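>>> Got a sequence here, can you build the structure:
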Amino acid sequence: MALTTNELFSRIKPSQIREFDELFRSVEDCIPMTIGEPDFDMPENVKQAAIKAIEDNASHYAHTSGELGVRKAVSAFLEKQYDLHYDPETEIVMTVGATEGLFAAAFGLLNPGDQVIIPSPYFPLYSYAVELNRGECILVDTSDSNFLMTPELLHKTMAENKNVKALFLNYPSNPTGATYTKEELTALADAIKQYDIFVLSDEIYSEITYGEKHTSIATLLRDRTILFQGASKAFAMTGWRVGVLAADAKWMKTLFLAHQQLVTTGVTVSNRAAEEAFRNSAPDVEKMRSEYEKRRDILVPALQEAGFEVPALKGAFYAFAKIPAKFGTDDKAFCREIGMNAKVGMLPGSIFGPGGEGYVRMSYALSTEMVAEAAERLKTYIASK
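Numbering: from 1, shown residues only. Next comes the predicted model:
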């Protein structure tokens, strides 16, 4: 028998996000609005907690679910911020980033042929998690519903597909910056209740909203929601790889086993740092959120002046904008042109799935000065065409 590799990986393409990012970082003086990476340092108290953990020789294996201290901190955080109640001993697992949590959930829940609904545009990781665990993705274009899954879209999709196991939600959204009002979410939850499906809810950007406070769908559908959270975005701790997986105890028994087989446990020092972050960093989070909002308010008017159509950006730190009509609809060609000539790097919307064609995603998780400079460069270049 010839040597082969897992045929499932033939369906997976190398990251186009990284491809475009690397391209524009090779262009001298290009401003990279490509990666969702907070430009802030993590809070000082969190640094000190990490240093103390090292000095205390916290270099040994943690419990598979993560250290109990950080799980208790997460439980308290979720209760205070979102009125969620999860037992830190039986309903919370610390994962190696939210990414591992997503894969653990797909690993633990899906059987071959199970279908998962993914509202699109979407972060490509979701479809990879489904397909590599022998599930089938049902991509639903939400571009005509303000980039939100609606009850009507859900009912239509369920009627057309007979083996749906779960619905992915991500809000505030990467890439679109869209999020739900409490009323919109309640209406969607009422529709979901009509079906026997899980909700896989990635709420990693929940602390970064502009206007209405975030409502977790787990407050409405706790018994069937698998919740993903983490420290990366809210606390600017992307490199520490701290994710949170929370679910009702009856589901967590299996999810725990999936997590255990994937990574054994997380990083003890990261757990200690995250414990401090979840307990005592609210002022730092608000400072960062406020700065993101200022940057959004610099970027959006400039984009509109330049001829972009910009849907409402209510959360996260991404602008998802329709390119000016005079440039056509080839978003990849547009990104290359702007990156090479205007020296502003952005991502084509089409790499985020159906509904993203003709759009671009720009991360404004950059310094205010860089966002303002990028805005001026875009206005100047587009006006010259």
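>>> what's the straight distance from one end of stretch 107-126 to the other?
12 Å (C-alpha to C-alpha, to the nearest Å).
>>> no, scratch that, I was asking about stretch 347-366
Terminal residues of stretch 347-366 are spaced 15 Å apart (C-alpha to C-alpha).
>>> same deal with stretch 124-140?
With C-alpha to C-alpha as the measure, the first residue of stretch 124-140 is 14 Å from its last.
>>> which residues sit against that stretch?
With contact meaning C-beta atoms under 8 Å, 6 or more residues apart in numbering, stretch 124-140 is reached by 8-9, 11-12, 15-17, 99, 102-103, 105-107, 110-120, 122, 149, 153, 157, 161, 163-165, 168, 170, 200, 202, 351-354. C-beta coordinates here come from the backbone N, C-alpha and C atoms, glycine included.
>>> swap in stretch 321-334?
So stretch 321-334 is in contact with 303, 306-311, 337, 348-351, 356-360, 362, 382, 385, going by C-beta under 8 Å, 6+ apart.
>>> mind checking how far that stretch is from the chain centre?
Per C-alpha atoms, centre = their mean, to the nearest Å, the displacement of stretch 321-334 from the mean C-alpha position of its chain is 25 Å.
>>> And it, what's buried?
For stretch 321-334, the neighbour count (16 or more other C-beta atoms under 10 Å) marks 321-324, 327, 331-332, 334 as buried.
>>> residue contacts, the nearest residue to M288 once chain neighbours are set aside?
Once flanking residues are discounted, M288 sits nearest to F40: 5.3 Å by C-beta to C-beta, 6 or more residues apart in numbering. The contact partners of F40, taken as C-beta under 8 Å, 6+ apart, are 236, 288, 291.
>>> which one of these sits closest to N45?
If you rank the contacts of F40 by distance to N45 using C-beta to C-beta, A236 comes first, at 12.8 Å.
>>> SS state for that closest one?
Under the three-state scheme (DSSP: H, G, I helix; E, B strand; the rest coil), A236 adopts coil.
>>> can you tell me how far it sits from A316?
14 Å (C-beta to C-beta, to the nearest Å).
>>> And for S384?
Going from S384 to A316 by C-beta to C-beta gives 31 Å.
>>> Those two: which has the busier surroundings?
A316 (30 against 8; other C-beta atoms under 10 Å).
>>> Quick check: phi and psi on the more buried one?
With angles defined as degrees, to the nearest 10, A316 sits at phi 60, psi -160.
>>> Now do the helices in the stretch 151-300 of the chain.
In the stretch 151-300 of the chain, the segments counted as helices under DSSP state H, counting those that start in this stretch are 151-160, 182-192, 249-263, 268-280, 282-306.
>>> Rebuild the ones you listed as TSV, extending it with mean pLDDT.
As requested, the helices of the stretch 151-300 of the chain are arranged in TSV below (pLDDT from 0 to 100):
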stretch	mean pLDDT
helix 151-160	98
helix 182-192	98
helix 249-263	97
helix 268-280	97
helix 282-306	97
